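Enquirer: need coordinates for the below:
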Amino acid sequence: MTTPLLATDKLSAMYGKFTAVKNVSLTFAPNRVHALIGPSGCGKSTFLRTLNRMHENTPGAWIVGRVLLEGADVYAPEVSPMRLRRRVGMVFQKPTPFPTMSIFDNVAAGLRLDRGRSRTEVAEIVERSLRRAALWDEVKDRLGASALGLSGGQQQRLCIARSIAPEPEVILLDEPTASLDPLGTQRIEELVFELKRDYTIIIVTHNMQQAARVSDTTTFFYLGTMVEHGPTRQLFTTPREEQTEAYITGRFG
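Expert: Below is the predicted model of the structure:
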């Protein structure tokens with residue numbers, strides 16, 4: 001059995017007034033795509049944000065339980081949230097390029113903590129990250145231009161390039177195609193399939209067809225509870241729980 005790279009142990013969390021998750025124990029094996037599905041407000045994004053302490057940026061948010069990265073609790077007092085987020089990167093629903101930075105500087109932003117890197121090394125990492133994000137050929141001649149001049153799909157791939165530049169172990173994707181057209185969605189899904197060779201990916205999606213296409217495992221959340229978790233093919237064809245079957249067949253949600 002593959003050793004989990006990331007795991008939660010009896011995790012409960014609150015993010016905002018009404019979005020909570022309760023007592024979730026879950027493991028994520030390396031180099032797989034793990035989908036989180038469920039209706040709006042069921043706790044998917046709350047759970048995702050706890051994995052790299054991103055919820056701490058919201059006043060009033062809290063967590064009990066543990067999140068383990070390679071067996072170590074990411075909430076231990078000695079763990080730096082900033083350095084944790086370099087190991088567990090995150091891409092949000094709407095593209096979030098830094099508006100005052102160029103395309104190049106957006107990708108290089110996460111590398112600035114390592115002051116010992118030379119300009120040549122930074123440039124090599126930026127190019128490698130843009131290539132991995134399937135964006136290099138589209139932007140290589142305008143790296144100094146504003147990132148806001150890119151299309152929505154390009155901006156989202158730029159955010160993925162920025163996330164992978166520090167060489168994380170895990171990438172969190174919070175509905176990364178929700179604001180994209182079908183072509184942009186297809187390119188992100190193809191990219192997710194390629195990136196799992198090097199990274200563990202956890203993706204929140206409302207699109208069950210997308211979960212079926214891109215993921216190896218799927219977890220169904222409902223009203224803050226983890227109802228079912230298993231291999232994607234099994235969960236979508238022979239779910240164990242009646243609630244799961246009702247959701248994936250469209251009877252609610």
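Enquirer: mind listing the helices for the stretch 151-253 of the chain?
Expert: Listed in chain order, the helices of the stretch 151-253 of the chain (DSSP state H, counting those that start in this stretch) span residues 152-164, 182-195, 208-214, 232-237, 242-248.
Enquirer: can you name every helix or strand that the third one contacts?
Expert: Contact partners of helix 208-214 among helices and strands, from 3 or more C-beta pairs under 8 Å, 6 or more residues apart in numbering; DSSP states H and E: strand 33-37, helix 182-195, helix 232-237. Yep, even glycine has a C-beta here, placed from its N, CA and C like the rest.
Enquirer: same thing with the longest one?
Expert: Packed against helix 182-195, as judged by 3+ C-beta pairs under 8 Å, 6+ apart, are the following elements: helix 152-164, strand 200-204, helix 208-214.
Enquirer: buried set for that helix?
Expert: Taking 16 or more other C-beta atoms under 10 Å as the basis for neighbour counts, the residues of helix 182-195 that come out buried are Gly184, Thr185, Arg187, Ile188, Glu189, Leu191, Val192, Leu195.
Enquirer: hang on, the earlier thing: can you redo the helices of the stretch 151-253 of the chain as CSV with distance to Pro77?
Expert: Putting the helices of the stretch 151-253 of the chain into CSV (distance: least, C-beta to C-beta, whole Å) gives the following:
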stretch, distance to Pro77
helix 152-164, 26
helix 182-195, 32
helix 208-214, 36
helix 232-237, 37
helix 242-248, 38
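Enquirer: sketch out the low-pLDDT regions of the protein for me.
Expert: Counting by pLDDT under 70, the low-confidence segments of the chain come to 1-3, 17-19, 253.
Enquirer: what residue lies at the spatial centre of it?
Expert: In the chain, the centroid-proximal residue (C-alpha atoms, centre = their mean) is Leu172; its distance is 1.4 Å.
Enquirer: picking up where we left off before, so can I have TSV of the helices and strands packed on helix 208-214 showing distance to Ala7?
Expert: As requested, the helices and strands packed on helix 208-214 are arranged in TSV below (distance: least, C-beta to C-beta, whole Å):
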stretch	distance to Ala7
strand 33-37	12
helix 182-195	21
helix 232-237	19
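Enquirer: between these, which one is closest to Tyr15.
Expert: Nearest to Tyr15 among those is strand 33-37; the distance by C-beta to C-beta comes to 14.0 Å.
Enquirer: quickly run through the sheet partners of that closest one, with directions.
Expert: Using DSSP bridges, the neighbouring strands of strand 33-37 in the sheet come out as strand 200-204 (parallel), strand 217-222 (parallel).
Enquirer: pull out the buried positions in the helix or strand where Asp137 lies.
Expert: Taking DSSP states H and E as the definition, one finds Asp137 inside helix 136-139. By 16+ other C-beta under 10 Å, the buried positions in helix 136-139 come out as Trp136, Glu138, Val139.
Enquirer: cool, and stretch 176-183?
Expert: Those buried within stretch 176-183 under the rule 16+ other C-beta under 10 Å are Pro176, Thr177, Ser179, Leu180.
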